[in-house]
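>>> Have a look at this fold, sequence not included:
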């Protein structure tokens, strides 16, 4: 077969009807959970000012330095395709004066994000994300509610073996000293670091803890731990988070080197993994934490906040690998076959009558051959076929054919919906 002239861009994929079923079930679960916990949905533009992300996420992060799709417009504005949702939501919170609403403000989101990175299984350059954010509340109970929401979503989707990894990365009171300590540790081992981490050492040594290179992992394993250098406020906050998690019996483990890849995080950070038989899955399904300084950093009021996001494609990948069944919609048991122009015209109205009665029904309006239509009904596993020909259309009747036995019954067309409702229920 000849290669098509046009293909989707590298790392970006079509979501075909077969895949849409997975997207739909995840969306439905998110929507149900959001309603229960009192979250309102927010949509932000795909394009934002590029400076929003460099200021909010951090100039030294991989997202800003390597992964953002940014460009200059005809009006000389520098815009970027949204690489994540939190900074745009913080921008919307400030722009629309949402700090004047009753706090905390609970928001959830669903949509595509864009990052230029090497495409691989479960990781795309255009990928779908959903997330939950709580703005305007400092209490550690909000951190735990966010963790619980994502844990509940993954469980409801059908993922049973989940691991929550959690850490505290402190705040601007205690983190500067820890960064200095960390910098000294890595400086004495700089020759053994990967090239990216050598750059990170100059810009932000915390980023080294997020490196996935094996040689950096070995060096990281002996590095000082932030949890040993928390100020009293951060220590007490984290202690309460862990106590709440114990209270609701969520399974977690401390990961003293978990930092997340964005500069706006403070205090609690966490990730949720699927625990495969051979150990923790390679990629986090969910990641998030507290970001108390982000709104102020974007020139808003001092606003505590916490949130997280999940990758839809990664979740679908795990669902498929674990053979998690997608609930089927209502089974279609009725097929409408028609012969001739008059029958076709009457069939359109009859088809709508079935829709209003919420009885699933299939058709093949584009075909005139009764044999071809019956063959299609057989392939679909239909139980009853309604046959409307020229004679029946003139007489106001229709034939009900039992596809298993071949028995046929002629009934009045205005009674057929009620008759089929009873048969379908049986």
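Yep, that arrived. Given the structure is predicted, the values throughout are model-derived calculations rather than measurements. Numbers count the residues shown, from 1 in each chain.
>>> Which SSE is immediately downstream of the least confident helix or strand in the chain by mean pLDDT?
Here the helix or strand of the chain ranked lowest by mean pLDDT, DSSP states H and E is strand 279-280, holding a mean of 61. Going down the chain from strand 279-280, the next helix or strand is strand 286-290, by DSSP states H and E.
>>> C-terminal to that following strand, what's the next element?
Next along the chain from strand 286-290, counting by DSSP H and E, comes helix 294-297.
>>> Give the pairing partners of whichever helix or strand comes after that next one; include direction for each.
Using DSSP H and E, the next helix or strand after helix 294-297 towards the C-terminus is strand 305-311. In the sheet, strand 305-311 lines up against strand 126-135 (antiparallel), strand 286-290 (antiparallel) (DSSP bridges).
>>> Mind putting those strands into JSON lines with distance to residue 383 and mean pLDDT?
Every residue, glycine included, has its C-beta placed from N, CA and C. Listed next are the strands paired with strand 305-311 as JSON lines, based on distance: least, CB to CB, whole Å; pLDDT from 0 to 100:
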{"stretch": "strand 126-135", "distance to residue 383": "37", "mean pLDDT": "97"}
{"stretch": "strand 286-290", "distance to residue 383": "43", "mean pLDDT": "96"}
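>>> Can you list the helices and strands that the longest helix anywhere in the chain packs against?
With DSSP state H setting the assignment, residue counts place helix 17-37 as the longest helix in the chain. Contacting helix 17-37 under the criterion 3 or more CB pairs under 8 Å, 6 or more residues apart in numbering; DSSP states H and E are the following elements: strand 105-114, strand 126-135, helix 140-157, helix 312-321.
>>> any idea which of these is most buried?
Stretch with highest mean neighbour count among the helices and strands packed on helix 17-37: strand 126-135 (a mean of 22; mean count of other CB atoms under 10 Å).
>>> That one vs helix 312-321, what angle?
110 degrees (axes from the mean of the first three to the mean of the last three CA atoms, to 10 degrees).
>>> Direction-wise, compare strand 126-135 with helix 17-37 and give the angle.
If you take the same axes, to 10 degrees, strand 126-135 sits at 0 degrees to helix 17-37.
>>> gap between strand 126-135 and the chain center?
Taking the mean of its C-alpha atoms, strand 126-135 sits 7 Å from the chain's own mean (CA atoms, centre = their mean, to the nearest Å).
>>> quick one: the strands in the stretch 51-200 of the chain?
Secondary structure of the stretch 51-200 of the chain, counting by DSSP state E, counting those that start in this stretch: strands at 70-72, 78-81, 105-114, 126-135, 162-168.
>>> The second one pairs with which strands, parallel or anti?
To tie it back to what came earlier, the one meant is strand 78-81. Applying DSSP bridges to the sheet, strand 78-81 is found paired with strand 47-49 (antiparallel), strand 70-72 (antiparallel).
>>> Those strands: which one's closest to residue 409?
For residue 409, the closest of the strands paired with strand 78-81 is strand 47-49, at 60.0 Å, according to CB to CB.
>>> How about the closest one, which residues are buried there?
Of all the residues in strand 47-49, those buried under the rule 16 or more other CB atoms under 10 Å are 47, 48.
>>> Mind listing residues that contact that strand?
Applying CB atoms under 8 Å, 6 or more residues apart in numbering, the contact partners of strand 47-49 are 77, 78, 79, 80, 81, 82, 87, 88, 91.
>>> Would you point out the most distant pair within these?
Greatest spatial distance in the contacts of strand 47-49: 77 and 87, 16.9 Å, computed using CB to CB.
>>> The two: which is more packed in?
Per other CB atoms under 10 Å, whichever of residue 77 and residue 87 has more neighbours is residue 87, with 24 against 11.
>>> ok, back up a step: looking at the helices and strands packed on helix 17-37, which is nearest to residue 348?
It's strand 105-114; of the helices and strands packed on helix 17-37, that one is closest to residue 348 (CB to CB) at 35.0 Å.
>>> For that closest one, name the packing helices and strands.
helix 17-37, strand 40-41, helix 86-95, strand 126-135.
>>> out of the ones you listed, nearest to residue 243?
Using CB to CB, these put strand 126-135 closest to residue 243, at 18.9 Å.
>>> residue contacts, the residue nearest to residue 15 when sequence neighbours are not counted?
Among residues not flanking residue 15 along the chain, residue 23 sits closest, at 6.4 Å (CB to CB, 6 or more residues apart in numbering). Applying CB under 8 Å, 6+ apart, we find residue 23 in contact with 15, 128, 312, 316.
>>> ok, so of these, who is nearest residue 294?
Using CB to CB, residue 128 is the member of these that sits closest to residue 294, with 22.8 Å.
>>> Quick check: that closest one touching residue 313?
Yes. Here residue 128 reaches residue 313: they are 6.4 Å apart, a contact under CB atoms under 8 Å.
>>> Tell me the buried residues in stretch 380-394?
Judged by neighbour count (16+ other CB under 10 Å), stretch 380-394 contains these buried residues: 382, 383, 384, 385, 386, 387, 388, 389, 392, 393.
>>> how about those residues in JSON lines, adding secondary structure and distance to residue 233?
Below are these laid out as JSON lines (DSSP: H, G, I helix; E, B strand; the rest coil; distance: CB to CB, whole Å):
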{"residue": "382", "secondary structure": "coil", "distance to residue 233": "66"}
{"residue": "383", "secondary structure": "coil", "distance to residue 233": "66"}
{"residue": "384", "secondary structure": "strand", "distance to residue 233": "69"}
{"residue": "385", "secondary structure": "strand", "distance to residue 233": "71"}
{"residue": "386", "secondary structure": "strand", "distance to residue 233": "71"}
{"residue": "387", "secondary structure": "strand", "distance to residue 233": "76"}
{"residue": "388", "secondary structure": "strand", "distance to residue 233": "75"}
{"residue": "389", "secondary structure": "coil", "distance to residue 233": "80"}
{"residue": "392", "secondary structure": "helix", "distance to residue 233": "80"}
{"residue": "393", "secondary structure": "helix", "distance to residue 233": "79"}
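>>> ok, so what distance separates residue 222 from residue 34?
The gap separating residue 222 from residue 34 is 42 Å, by CB to CB, to the nearest Å.
>>> So between these two, which is more surrounded?
Higher neighbour count among residue 222 and residue 34: residue 34, with 21 against 8, using other CB under 10 Å.
>>> OK, contacts around the nearest residue to residue 131 once chain neighbours are set aside?
In space, and not counting its chain neighbours, residue 131 is closest to residue 309: 3.5 Å by CB to CB, 6+ apart. Going by CB under 8 Å, 6+ apart, residue 309 touches 84, 85, 86, 129, 130, 131, 286, 287, 288.
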